[in-house]
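Participant: what's the 3D shape of this:
(chains A and B)
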There are 2 protein chains.
Amino acid sequence: MASVQDKPRYRIAVDAMGGDHAPGEIVKGAVDAAARGNVDVLLVGDPEAIKEMLPSSVPDTLQIVPSQGVIMEDEHPLEALRSKPRASIIVAAGLVKAGKADAYVTMGSTGAAMAAGVVALGNLEGVDRPALGGPFLGLAPRTTLVDLGTSIDNRPSQLLNHGILGSVFAKVLLGIDNPTVALLSVGAEEGKGNRQVREAYPLFRQSGLNFIGNVEGVDVPLGKADVVVCDGFVGNILMKFAEGMGMAVVEYLKARAPNGSEKMVGELLGELANLTNYVEHIGGGPLLGLNGVAIVGHGRSKAPSVTAAIDMACTALERGLVELMSRELAQVRSRVGSEGQAGEVA
Amino acid sequence: MASVQDKPRYRIAVDAMGGDHAPGEIVKGAVDAAARGNVDVLLVGDPEAIKEMLPSSVPDTLQIVPSQGVIMEDEHPLEALRSKPRASIIVAAGLVKAGKADAYVTMGSTGAAMAAGVVALGNLEGVDRPALGGPFLGLAPRTTLVDLGTSIDNRPSQLLNHGILGSVFAKVLLGIDNPTVALLSVGAEEGKGNRQVREAYPLFRQSGLNFIGNVEGVDVPLGKADVVVCDGFVGNILMKFAEGMGMAVVEYLKARAPNGSEKMVGELLGELANLTNYVEHIGGGPLLGLNGVAIVGHGRSKAPSVTAAIDMACTALERGLVELMSRELAQVRSRVGSEGQAGEVA
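Facilitator: Numbers count the residues shown, from 1 in each chain, chains lettered A, B, ... in the order given. Below is the predicted model of the structure:
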């Protein structure tokens, strides 16, 4: 049997100040992860605020790294990077750049997480903007949607990158051997869709990915493809729509549960919430295409999701997510040629 | 009390050949509507196929209008219009053009319904492509989404048209006084979204519509706006995604219903199906912006949905949907000026 020592020991920087429940729930989740003893957690934030939230006994595997300020969801990420150079997310990404941490984790602004990551670590070759992707629906826990909202108005070559990165994500983090990849569109046939999807289709066909064509909205919850590729605008709306549907169904059924069935209905509804808001449940997803490991979680994450995100960072490091993405990007580029090259953002 | 005679008597052309369950369920739904005596139904299709499906006693209010062929979902609508000039949908739209029917109803190809309508009846001034919209989610039965998929790669002025048409739809068919109108985007603030939405935002602000800004995916099932405006690509994916979620939740919960609770769970699930596939339930929606009344239903519609679609056509006629849309389009255009003018399709 492998001993704990056989596993590499990773150092994860955690943004204590980002997210709706920061710093309380973030600190709690980080302490829980650190307490298990197989990971070092660098908790980045306002030391006073963090200390207030710490339990009486703090594990040795956790240390505080001070920062000043936090970049909020409604701020322009690049402007905020300049105006708050000591903000928690910047310090967290900087720890990775400096080799003091192996990855960073945040439940704060996705835009800020991405901007800080790109500035500190850069993107993989051929990627001009990282994507966020992963399973977002407990109903289809093996279906990875890319992009969930970091990248909008994508060119066809960027959609192809989503497919490559999503495919590696599915292999590495979900253990799927030869993941099927599909474009999300309004009809199954080639030629159906908006201009973006229609132009991306031939690139996917040439890519060497396990491309199965277009899927429609109905196919996503039914898990028809392992990797579903879409513009971040569409992916973000879908992800949040699923969440809203879960909330609305819960309200509706709660109000109509027959007398005496409240407990059972309550249990079903609890499951339903997990089924429709999987991102919160699994802790988040890596910024795909970044030259480093960064996990961005849901803003509403509580402690267990924070712990799960830290675990995901360790898994990504252990299995070489970034190296595999880099290799696959180069391989597909060699097949597709210049058409599939990611140029400058339009 | 008003007598039946006080209500105008409408003649509705029904495409008997379009839809997954054509002609059987279409004929059944049309017969049911005609049997109520207050509407004349012109059933358009292959006379032999229709007669086989007719009950032994056919109401006087129903007559058959022969056609040849049917345009399928996977055909290119304009090419099919040329190659099958006597197809059921073309004959149905032609009856309206010729003044022999007041509206037409189809469960067949949306593209064909639209193409046939535009050729026969034309669009309202300022509209270059009709939209399909209406409540699509039983969870939010008062929320109209426009467009559901007829119109893709919309210019900002087309999104504005979706807002105008959706607003009139909500007033006329849902009885909402001053409907709130929102753009579907990835963040509530102005400036969030793809280029299309960002450019449409100022047009909406000037429009005189009851514009409440952007809503996100989560807000749709929660009914935060009366009218939610989006590109048909996004709307179609959302509508079908909701359907898929309903199907997946039903499968999941069925498999996990505790012993003895099957009946109750079954009832809840039946409701859930209606909640997530409202389009089938309500029968469909009008082609908004067409210079005439045309109702397009879900391809999977069965008889009750066909009857409901016929009812919707009568309501649209009775309340002057087309005249009100025409007036509102002109009023908004006078406020927004040339920016909001719909030009040629890019």
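Participant: gap between A:S305 and A:L145?
Facilitator: For A:S305, the distance to A:L145 equals 18 Å [CB to CB, to the nearest Å]. Heads up, the C-betas are built off the backbone N, CA and C, glycines and all.
Participant: between the two, who's got more neighbours?
Facilitator: Neighbours around A:S305 and A:L145, counted as other CB atoms under 10 Å in any protein chain shown, are more numerous at A:L145. The numbers are 29 against 24.
Participant: helices or strands up against the host helix or strand of that one?
Facilitator: Using DSSP states H and E, A:L145 sits within strand A:144-146. Where contact means 3 or more CB pairs under 8 Å, 6 or more residues apart in numbering or on different chains; DSSP states H and E, strand A:144-146 is packed against strand A:131-135, helix A:156-174, strand A:227-229, helix A:232-256.
Participant: All the helices of chain A, in order from the start?
Facilitator: Counting by DSSP state H, chain A has helices at residues A:24-35, A:47-53, A:77-83, A:88-97, A:110-121, A:156-174, A:195-206, A:232-256, A:262-276, A:278-282, A:303-318, A:321-336.
Participant: so does stretch A:166-184 get close to chain B?
Facilitator: Yes - Stretch A:166-184 lies within reach of chain B by CB under 8 Å from any CB of the partner chain, at A:L184.
Participant: distance between that stretch and the chain's centre?
Facilitator: 14 Å (CA atoms, centre = their mean, to the nearest Å).
Participant: in chain A, which helix or strand is least confident?
Facilitator: The weakest-scoring helix or strand in chain A, judged by mean pLDDT, DSSP states H and E, is helix A:278-282 (a mean of 64).
Participant: what residue is smack in the middle of chain A?
Facilitator: Against the mean C-alpha coordinate of chain A, by CA atoms, centre = their mean, the closest residue is A:G285 at 1.9 Å.
Participant: who in the stretch 201-346 of chain A is up against chain B?
Facilitator: A:216-223, A:230-234, A:236-245, A:247-249, A:252-253, A:256, A:258, A:261, A:264-265, A:268, A:271-272, A:275-276.
Participant: and those, which are buried?
Facilitator: Buried members of these, counted by 16 or more other CB atoms under 10 Å in any protein chain shown: A:216-223, A:230-234, A:236-245, A:247-249, A:252-253, A:264-265, A:268, A:272, A:275-276.
Participant: For A:G292, the count of nearby residues, please.
Facilitator: Using other CB under 10 Å, the number of residues around A:G292 comes to 25.
Participant: which residues touch the closest residue to it other than its chain neighbours?
Facilitator: In space, A:G292 comes closest to A:L121 once its chain neighbours are excluded; the distance is 3.9 Å by CB to CB, 6 or more residues apart in numbering or on different chains. Applying CB atoms under 8 Å, 6 or more residues apart in numbering or on different chains to A:L121 gives the contacts A:A93, A:V96, A:K97, A:L290, A:N291, A:G292, A:A294.
Participant: Also A:D46?
Facilitator: Applying CB under 8 Å, 6+ apart to A:D46 gives the contacts A:A16, A:M17, A:P23, A:P66, A:S67, A:Q68, A:S88.
Participant: hmm, 7 Å instead?
Facilitator: By CB atoms under 7 Å, 6 or more residues apart in numbering or on different chains, the contact set of A:D46 is A:M17, A:S67.
Participant: same check, this time on A:D32
Facilitator: A:D32 neighbours (CB under 7 Å, 6+ apart): A:A303, A:T307.
Participant: now swap in the one 5 residues further on and tell me
Facilitator: The contact partners of A:G37, taken as CB under 7 Å, 6+ apart, are A:T61.
Participant: Next one, pLDDT for it please.
Facilitator: Note on A:G37: pLDDT of 89.
Participant: and the gap between it and A:P59?
Facilitator: Using CB to CB, which is the criterion applied here, A:G37 is 7 Å from A:P59.
Participant: swap in A:P304?
Facilitator: A:P304 sits 17 Å away from A:P59, taking CB to CB as the criterion.
Participant: Please apply the same query to A:Q196.
Facilitator: The gap separating A:Q196 from A:P59 is 48 Å, by CB to CB.
Participant: Can you pick out the residue with more neighbours from the two?
Facilitator: Neighbour count, other CB under 10 Å: between A:Q196 and A:P59, A:Q196 has more, with 21 against 17.
Participant: And the more buried one, how far from chain B?
Facilitator: To chain B, A:Q196 is 8 Å away according to CB to the nearest CB, to the nearest Å.
Participant: possible to save the helices and strands packed on strand A:144-146 as CSV with distance to B:G149 and mean pLDDT?
Facilitator: Listed next are the helices and strands packed on strand A:144-146 as CSV, based on distance: least, CB to CB, whole Å; pLDDT from 0 to 100:
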stretch, distance to B:G149, mean pLDDT
strand A:131-135, 25, 90
helix A:156-174, 20, 96
strand A:227-229, 18, 98
helix A:232-256, 13, 87
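Participant: Need these in CSV (columns: distance to B:V168).
Facilitator: Listed next are the helices and strands packed on strand A:144-146 as CSV, based on distance: least, CB to CB, whole Å:
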stretch, distance to B:V168
strand A:131-135, 38
helix A:156-174, 36
strand A:227-229, 35
helix A:232-256, 25
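Participant: if we can go back for a sec, looking at the residue nearest to A:G292 now. What's its pLDDT?
Facilitator: At A:L121, the model reports a pLDDT of 98.
Participant: Could you give the separation of stretch A:33-52 from the chain centroid?
Facilitator: When C-alpha coordinates are averaged (CA atoms, centre = their mean), stretch A:33-52 and its chain have centres 21 Å apart.
Participant: What is the end-to-end distance of that stretch?
Facilitator: End-to-end distance of stretch A:33-52 (CA to CA, to the nearest Å): 18 Å.
Participant: buried sites along that stretch?
Facilitator: Buried-residue list, stretch A:33-52, by 16+ other CB under 10 Å: A:A33, A:A34, A:A35, A:V39, A:D40, A:V41, A:L42, A:L43, A:V44, A:G45, A:D46, A:I50.
Participant: and which of the residues you listed is nearest B:K84?
Facilitator: A:A33 (64.3 Å; CB to CB).
Participant: Does the closest one touch A:V41 like I think?
Facilitator: Yes - counting by CB atoms under 7 Å, A:V41 is a contact partner of A:A33 at 5.9 Å.
Participant: who touches both of the two?
Facilitator: Jointly contacting A:A33 and A:V41 under the rule CB under 7 Å, 6+ apart are A:I310.
Participant: Give me the nearest residue to the residue of the stretch 1-150 of chain A found nearest chain B, chain neighbours excluded.
Facilitator: Taking CB to the nearest CB, chain B has its nearest neighbour within the stretch 1-150 of chain A at A:L139, 4.2 Å off. In this structure, A:L139 finds its nearest non-sequential neighbour in B:A248, 4.2 Å apart by CB to CB, 6+ apart.
Participant: doesn't A:G138 make contact with the one you found?
Facilitator: No - in this structure B:A248 lies outside contact range of A:G138 using CB under 7 Å: 9.6 Å.
Participant: Based on its surroundings, how many neighbours for A:K100?
Facilitator: By other CB under 10 Å, the residues close to A:K100 number 12.
Participant: And A:E251, by the same measure?
Facilitator: Neighbour count of A:E251, defined by other CB under 10 Å: 14.
Participant: do the same with A:G337
Facilitator: Neighbour count for A:G337, taken as other CB under 10 Å: 10.
Participant: go on, A:G191?
Facilitator: Number of residues near A:G191 (other CB under 10 Å) recorded here: 11.
Participant: Leaving out the residues flanking it, which one is nearest to it?
Facilitator: Nearest residue to A:G191, sequence neighbours excluded (CB to CB, 6+ apart): A:R198, at 6.3 Å.
Participant: mind listing what's buried in stretch A:75-90?
Facilitator: Residues of stretch A:75-90 classed as buried: A:E75, A:P77, A:A80, A:L81, A:K84, A:A87, A:S88, A:I89, A:I90 (neighbour count, 16+ other CB under 10 Å).
Participant: likewise stretch A:108-126?
Facilitator: Within stretch A:108-126, judged by 16+ other CB under 10 Å, the buried ones are A:108-118, A:120-121, A:123-124, A:126.
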